[in-house]
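Asker: 3D, please:
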Amino acid sequence: MSKVKIGLVQMSCTSDKEANLQKAIKEVRSAAAKGAQIVCLQELFTSLYFCDVEDYENFKLAEAIPGPSTEALGKLAAELKVVIIASLFEKRAQGLYHNTTAVLDADGAYLGKYRKMHIPDDPAYYEKFYFTPGDLGYKIFRTKYASIGVLICWDQWYPEASRITALMGAEVLFYPTAIGWATVQDEATNTEQYNAWQTMQRSHAVANGVHVVSVNRVGFEQNGAMKFWGGSFVANPFGTLLYQASHDKEETTVVEIDTAATDRYRTHWPFMRDRRIDSYQPITQRYIDQD
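Answerer: As a prediction, the model looks like this:
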């Protein structure tokens, strides 16, 4: 099937983990009622974005994957016959945690997980305190409706991640996300940051000839010092926006895409054909010193 209806759930969260899960379930139902076949939830949707502080108490939010959230979402996926992309805080073992996304197929089957590879450490984004970098490599998931690649938030800035995932056969790249503006910033800085974020991901669509779906959270967190900028979007394989959400509202939207467009764009703009893979070895170096 080439035409696929994609559901995006852009929502705000609270400190009540169960309430957030139930809210997400409600919105998945809403997306399915609108015809969605694959529904993507935002990064770490069962909690506030707790990485704004370094607090050992927050490790209690983590859970096994598969575990209680994937069990609930698997039942929902089977009932609604939708694929669900669910970003969760994974407790792998005592003292070992990951930022992880699970994929549930349309029959409820757990297809596996992707562990976030690139872990940021910035003011109000202290993820290195919580997360061990992913060790599963880049992955695709062959769902009922499409072969999808899943990357997570900070992975958005790295063309290597999108390229490898596309080369593995992903027809659509999904990016569950939690990113926002510091409330002390001026509007020009906000606009520049959002535009850079979106442009980077649209460039992944162009370079790889695939649709890109980015789903962000929305609302004020960290005692009002951080505003998550929403702006979830879908881009076609040439970077054209098919949908963009608002910066300040919760939205559940369904967008139809045609994965067959990949062949047309890759044929007329043959970036994949002209790759010089024999010349790319230096990319594996941290920096190319000239001394």
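Asker: in the host helix or strand of C40, what counts as buried?
Answerer: C40 is part of strand 38-41 when elements are defined by DSSP states H and E. Neighbour counts over strand 38-41 (16 or more other CB atoms under 10 Å) mark 38-41 as buried. (C-beta placed from N, C-alpha, C; glycine too.)
Asker: And the furthest pair within those?
Answerer: Between any two of the buried residues of strand 38-41, the greatest separation by CB to CB is 11.2 Å, found for I38 and L41.
Asker: Quick check: neighbours shared by those two?
Answerer: The contact sets of I38 and L41 overlap at I85 (CB atoms under 8 Å, 6 or more residues apart in numbering).
Asker: which residues touch P133?
Answerer: P133 sits in contact with 115-119, where contact means CB under 8 Å, 6+ apart.
Asker: circling back to that earlier point, next, format the buried residues of strand 38-41 as CSV and append distance to E90.
Answerer: Listed next are the buried residues of strand 38-41 as CSV, based on distance: CB to CB, whole Å:
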residue, distance to E90
I38, 21
V39, 20
C40, 18
L41, 15
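Asker: ok, of the residues you listed, which one's closest to A102?
Answerer: L41 (10.2 Å).
Asker: which residues in the chain form helices?
Answerer: 17-33, 68-80, 159-167, 187-208, 261-268 (DSSP state H).
Asker: The last one: how far from the chain's middle?
Answerer: Meaning helix 261-268. 24 Å (CA atoms, centre = their mean, to the nearest Å).
Asker: what's the closest of the contacts of P133 to D105?
Answerer: Taking CB to CB as the measure, D105 sits nearest to R115 out of the contacts of P133, at 19.1 Å.
Asker: Look up how far I84 lies from L61.
Answerer: Here the criterion is CB to CB, to the nearest Å. By it, L61 lies 20 Å from I84.
Asker: Between the two, point out the one with more neighbours.
Answerer: I84 (29 against 18; other CB atoms under 10 Å).
Asker: Tell me, how many residues neighbour the spatially closest residue to A225 that is not a sequence neighbour?
Answerer: Closest residue to A225 apart from its sequence neighbours, by CB to CB, 6 or more residues apart in numbering: T183 at 5.5 Å. Using other CB under 10 Å, T183 is surrounded by 13 other residues.
Asker: residues in contact with T183?
Answerer: 220, 224-227.
Asker: cool, and W181?
Answerer: By CB under 8 Å, 6+ apart, the residues touching W181 are 189-190, 193-194, 226-227, 229.
Asker: Residue ranges in the chain under the pLDDT threshold?
Answerer: Applying pLDDT under 70 to the chain flags the ranges 1.
Asker: Go through it and flag its longest strand.
Answerer: Longest strand in the chain, counting residues (DSSP state E): strand 83-93.
Asker: Report the buried residues of that one.
Answerer: For strand 83-93, the neighbour count (16+ other CB under 10 Å) marks 83-91 as buried.
Asker: ok, so of these, who is nearest F238?
Answerer: Comparing the buried residues of strand 83-93 against F238 with CB to CB places I85 closest, at 23.4 Å.
Asker: you'd agree the closest one is up against I152?
Answerer: No - judged on CB atoms under 8 Å, I85 makes no contact with I152 at a distance of 10.3 Å.
Asker: shared neighbours of the two, anything?
Answerer: Shared contacts of I85 and I152, defined by CB under 8 Å, 6+ apart, comprise 101, 176.
Asker: For R273, give me its contacts.
Answerer: R273 sits next to R266 when contact means CB under 8 Å, 6+ apart.
Asker: T267 versus that one, what's the distance?
Answerer: From R273 to T267 the distance is 9 Å (CB to CB).
Asker: Ok, D155 next?
Answerer: Relative to T267, and taking CB to CB, D155 is found at 28 Å.
Asker: Now do the strands in the stretch 151-291 of the chain.
Answerer: Under the criterion DSSP state E, counting those that start in this stretch, the stretch 151-291 of the chain carries strands at the ranges 172-177, 180-182, 211-216, 218-221, 226-229, 233-235, 241-244, 251-258.
Asker: Excluding its own residues, what touches the last one? List them.
Answerer: This points to strand 251-258. The contact list for strand 251-258 (CB under 8 Å, 6+ apart) reads 2-11, 27, 30-31, 34-36, 172, 211, 230, 232, 234, 236, 242-243, 245.
Asker: can you rerun that using 7 Å?
Answerer: In this structure, residues lying in contact with strand 251-258 by CB atoms under 7 Å, 6 or more residues apart in numbering are 2-10, 27, 30-31, 34-36, 172, 211, 234, 242-243, 245.
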